[in-house]
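Enquirer: here are the coordinates; sequence isn't available:
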């Protein structure tokens, strides 16, 4: 994702290895000659960007960053992505030939680092020549430490301020992170801190105050009204509303999945800007609930005489992914049986028609979202239990993770419902 420090990481690698750092941006590049160079017969011919970068470094073993490799274009002048195949293949780049030099050049000593915001636009053959490392977005706690250790000292120096003149409270920084930025990286947070520093420097210059202690109130006065609001838990659990956890490029989010039944003909209504995968998850959840209706003591005629409406606020924000399957199933059962879920419990997991719970991604971000809202128990797929040791200690100490293998386990833990044995209902009727 943007703003997480990919370029800074490349510079740090070069510094740690004691090598020169070279960076070229590939965004918008459409001419193959930018990589391979022009033949010397052309007027204004130049070597390609690779050879130019090595010449500027003065060494044949720099750390070479190919920035924004996912934004390469192509037109009648050629395909730069195809030209990069030879550059990045260790079996070929020992004799890379630039059209301008027209002699083989050994690139095997160069460490190439390519960066991208999205994997999908990169050609498969080019991606096959690289080892992929995913850099996740920063969590709220990580952003807080980055601001305190790096961003605030940098902006204080840029604006001629000292620590005594401007001090940020932790509560104010958390408020700034959650209410004025929504990003995976820290660019917007840096801009907000710089804005506060500028206004502080102006106030000191105008002798309005000698020093400033930044609180939530000061942040609101200097940056204006809140730009973003986060989902809040219900004051009291209600039937038909289940708490789910979702991953976004900006961090974890809490989703309140709502289910309602209304007289109709058995239609399934889905609202809340849901993507195709999430719509399919809702259909799977409904089919599973209908399949085991007798075990839950549900009259099958309910599904024929009523329409079922599932809504996931907020309606203007697009949502997709399969991990809301268990939450939708719990919301459906909760509404039909008119039984509210237990308080302080959230869940995440993909479901199948067999009723199995499949593993999900982004457990760290989802757990942080749950922790932020004070959720004490989180139901996770059993296969994700191995990810728990990687979570911050603060999360592990405050949240109880309950591994579940089937949707039945989810229903038992969230609603406290006992499933009937096959045939039990029939015997009672007799």
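Expert: Here it is on my side, so go on. Predicted model, so just to flag it, every value in this text is computed and none were measured.

Enquirer: distance of residue 285 from residue 279?
Expert: Separation of residue 285 from residue 279 (C-beta to C-beta, to the nearest Å): 11 Å. (C-beta placed from N, C-alpha, C; glycine too.)

Enquirer: so between those two, which is more surrounded?
Expert: Applying other C-beta atoms under 10 Å to residue 285 and residue 279 shows that residue 285 carries more neighbours, namely 27 against 14.

Enquirer: the helix or strand that that one is a member of: which residues count as buried?
Expert: Using DSSP states H and E, residue 285 sits in helix 276-291. By neighbour count on 16 or more other C-beta atoms under 10 Å, the buried set for helix 276-291 is 278, 281, 282, 283, 284, 285, 286, 288, 289, 290.

Enquirer: again, but for stretch 355-365
Expert: Of the residues in stretch 355-365, 355, 356, 357, 358, 359, 360, 362, 363, 364, 365 count as buried by neighbour count, 16+ other C-beta under 10 Å.

Enquirer: those residues in helices, which ones?
Expert: Taking DSSP state H as the definition of helices, those contribute 363, 364, 365.

Enquirer: residue ranges in the stretch 1-150 of the chain under the pLDDT threshold?
Expert: Nowhere does the stretch 1-150 of the chain drop to pLDDT under 70.

Enquirer: how about the stretch 251-400 of the chain?
Expert: Scanning the stretch 251-400 of the chain for pLDDT under 70 picks out 251, 315-316.

Enquirer: what are the boundaries of the helices in it?
Expert: With DSSP state H, counting those that start in this stretch as the criterion, the stretch 251-400 of the chain has helices at 276-291, 293-296, 301-305, 325-336, 363-372, 393-398.

Enquirer: what is the fifth one packed up against?
Expert: Under the contact criterion of 3 or more C-beta pairs under 8 Å, 6 or more residues apart in numbering; DSSP states H and E, the helices and strands touching helix 363-372 comprise helix 140-146, strand 241-248, strand 251-263, strand 377-381, helix 393-398.

Enquirer: wait, which of those is closest to residue 110?
Expert: Closest of the helices and strands packed on helix 363-372 to residue 110 is helix 140-146, at 30.4 Å (criterion: C-beta to C-beta).

Enquirer: mind giving me the packing neighbours of that closest one?
Expert: Judged by 3+ C-beta pairs under 8 Å, 6+ apart, the packing partners of helix 140-146 are helix 170-180, helix 363-372.

Enquirer: with distance to residue 10 as extra columns, can I get those helices in a markdown table?
Expert: Below are the helices and strands packed on helix 140-146 laid out as a markdown table (distance: least, C-beta to C-beta, whole Å):
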| stretch | distance to residue 10 |
| --- | --- |
| helix 170-180 | 26 |
| helix 363-372 | 24 |
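
Enquirer: closest one to residue 70 among those?
Expert: helix 363-372 (22.1 Å).

Enquirer: distance check, residue 88 against residue 131.
Expert: For residue 88, the distance to residue 131 equals 11 Å [C-beta to C-beta].

Enquirer: hmm, I typed the wrong one, I wanted residue 99.
Expert: Residue 99 is 29 Å from residue 131, where distance means C-beta to C-beta.

Enquirer: ok, which of the helices of the stretch 251-400 of the chain comes nearest residue 416?
Expert: Per C-beta to C-beta, nearest to residue 416 of those: helix 325-336, 10.9 Å.

Enquirer: the closest one packs against which elements?
Expert: The contact analysis (3+ C-beta pairs under 8 Å, 6+ apart) places helix 325-336 against strand 241-248, strand 251-263, helix 276-291, strand 306-311, strand 345-347, strand 350-351, helix 407-415.

Enquirer: report the angle between the axes of it and strand 377-381?
Expert: Put simply, helix 325-336 runs at 120 degrees to strand 377-381, going by axes from the mean of the first three to the mean of the last three C-alpha atoms, to 10 degrees.

Enquirer: for helix 325-336, buried residues please.
Expert: For helix 325-336, a neighbour-count test (16+ other C-beta under 10 Å) marks 325, 326, 327, 328, 329, 330, 331, 332, 333, 334, 335, 336 as buried.

Enquirer: which one of these is nearest residue 254?
Expert: Set against residue 254, the nearest of the buried residues of helix 325-336 by C-beta to C-beta is residue 327 (10.4 Å).

Enquirer: how close does that closest one sit to residue 382?
Expert: Counting by C-beta to C-beta, the gap from residue 327 to residue 382 is 17 Å.

Enquirer: out of the helices and strands packed on helix 140-146, deepest packed?
Expert: Each of the helices and strands packed on helix 140-146 was scored by mean neighbour count; the highest is helix 363-372, a mean of 24, by mean count of other C-beta atoms under 10 Å.

Enquirer: contacting residues around that one?
Expert: 136-137, 139-141, 178, 230, 245-248, 251-254, 346, 348, 360, 378, 380, 384, 387-388, 390-392, 394-395, 398-399, 401 (C-beta atoms under 8 Å, 6 or more residues apart in numbering).

Enquirer: next one: stretch 112-123
Expert: The contact list for stretch 112-123, computed with C-beta under 8 Å, 6+ apart, reads 1-2, 6-7, 10, 13, 63-71, 81-82, 87-88, 127, 130, 132.

Enquirer: distance from the chain centre to that stretch, please.
Expert: Here the centre of stretch 112-123 is set off from its chain's centre by 17 Å, with C-alpha atoms, centre = their mean, to the nearest Å.

Enquirer: buried sites along it?
Expert: Buried residues in stretch 112-123, counted by 16+ other C-beta under 10 Å: 112, 113, 114, 115, 116, 117, 122, 123.

Enquirer: mind listing which of those are in strands?
Expert: The strands, defined by DSSP state E, take in 112, 113, 114 from the buried residues of stretch 112-123.
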